[in-house]
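*Asks:* structure for this input, please:
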Amino acid sequence: MTVVRVEEGSSADLSGLKDASKYKGKTPYYVHFKLTKTAEGNDDDETSHFEVSKDGQPLSELIVFSSFDATGDPSNPLVTRRFDRCEGVSHTTYKEAAEGQSAEGCAIFLADDKTGEPSSVAWTRRSKTLATWKK
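*Replies:* Have a look, this model is predicted:
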């Protein structure tokens, strides 16, 4: 796992989400990463995930799914709306990658406005830390 960069967002980034008011007082951080498939990563395990923290305090992950919005146009009844600021990588993409290939993506983590930028990003599997990035 390589952290390519961590970007601080703003609460305005979350304003288009359903129930956006529940994110008041939160700052999104976008963790852009690259996962490279290794021999150790060839098992079929969906427990791999990021653990992101600021000085030992965990940040909450925000998962945003694409939505389908009605257009009112019978020839094109639905349009897909995505959260373009940060798109993840599917587990399938990583799972199907050959050893040595990489998959790039982005994950969103929320911090209280006073918390600040993450200081640590860990990639874990089955409660075992496989890689850690520290600021």
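*Asks:* now the helices: where do they sit in the chain?
*Replies:* For the chain, the helices defined by DSSP state H cover 91-96.
*Asks:* return the helix or strand in the chain with minimum mean pLDDT.
*Replies:* Ranked by mean pLDDT, DSSP states H and E, the weakest helix or strand in the chain is strand 78-81, scoring a mean of 63.
*Asks:* how near is H32 to V89?
*Replies:* 11 Å (C-beta to C-beta, to the nearest Å). Any C-beta I mention is one placed from the backbone N, CA and C, and that applies to glycine too.
*Asks:* which residues do these two both contact?
*Replies:* E104, G105 (C-beta atoms under 8 Å, 6 or more residues apart in numbering).
*Asks:* what bridges to H49?
*Replies:* T124 (DSSP bridges).
*Asks:* name the nearest residue to the most centrally placed residue in the chain, sequence neighbours excluded.
*Replies:* Most central in the chain under C-alpha atoms, centre = their mean is A107, positioned 1.2 Å from the mean C-alpha point. The spatially closest residue to A107, leaving aside those adjacent along the chain, is V31, at 4.8 Å (C-beta to C-beta, 6 or more residues apart in numbering).
*Asks:* local confidence estimate at that neighbour?
*Replies:* With respect to pLDDT, V31 has a value of 94.
*Asks:* ditto for K37
*Replies:* pLDDT, K37: 82.
*Asks:* go on, T115?
*Replies:* Reported pLDDT for T115: 86.
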